[in-house]
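1. I need the structure of the sequence given here:
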Amino acid sequence: MAALWIAHVTVTDAEAYGKYAELAGPAITKHGGEFIARAGRFVQLEGKERPRNVVAKFPSVDAAVGCYNSPEYQAALSHARGASERELMVVETTE
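-> Take a look at the predicted model:
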């Protein structure tokens, strides 16, 4: 089954986070991910609001987790650490 990678982000250092975004996109694509929502309009109904929300669809939970653990994504993530506050989860779809 497919899986959704869902990230909620508050950027605290735009320059460093820009480098993360530059590297993360190709890493996600390389591992079969496809962005379906990225920093678009949102309405926070419950929980902590984060101004940046990203959803990518992967072929499976394993593909999404494999992307996260890949050297390419970890290199990107090194720029996001200390430059953002984030929550990231992978959720299997019902399709």
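
2. contacting residues for the spatially most central residue of the chain?
-> Compute the mean C-alpha point of the chain, and by Cα atoms, centre = their mean the closest residue is residue 7, 4.6 Å away. Residues touching residue 7, when contacts are defined by Cβ atoms under 8 Å, 6 or more residues apart in numbering, comprise 52-55, 86-88. For the C-beta atoms, the positions are set from N, CA and C on the backbone; glycine is no exception.

3. could you point out which element follows the helix or strand harbouring it?
-> Element membership of residue 7, judged by DSSP states H and E, is strand 3-11. Per DSSP H and E, strand 3-11 leads on to helix 14-30 as the next helix or strand towards the C-terminus.

4. what packs against that following helix?
-> The helices and strands touching helix 14-30, judged by 3 or more Cβ pairs under 8 Å, 6 or more residues apart in numbering; DSSP states H and E, are helix 61-69, helix 71-80.

5. possible to save those helices as a markdown table with mean pLDDT and distance to residue 27?
-> Conversion of the helices and strands packed on helix 14-30 to a markdown table gives the following (pLDDT from 0 to 100; distance: least, Cβ to Cβ, whole Å):
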| stretch | mean pLDDT | distance to residue 27 |
| --- | --- | --- |
| helix 61-69 | 97 | 6 |
| helix 71-80 | 96 | 4 |
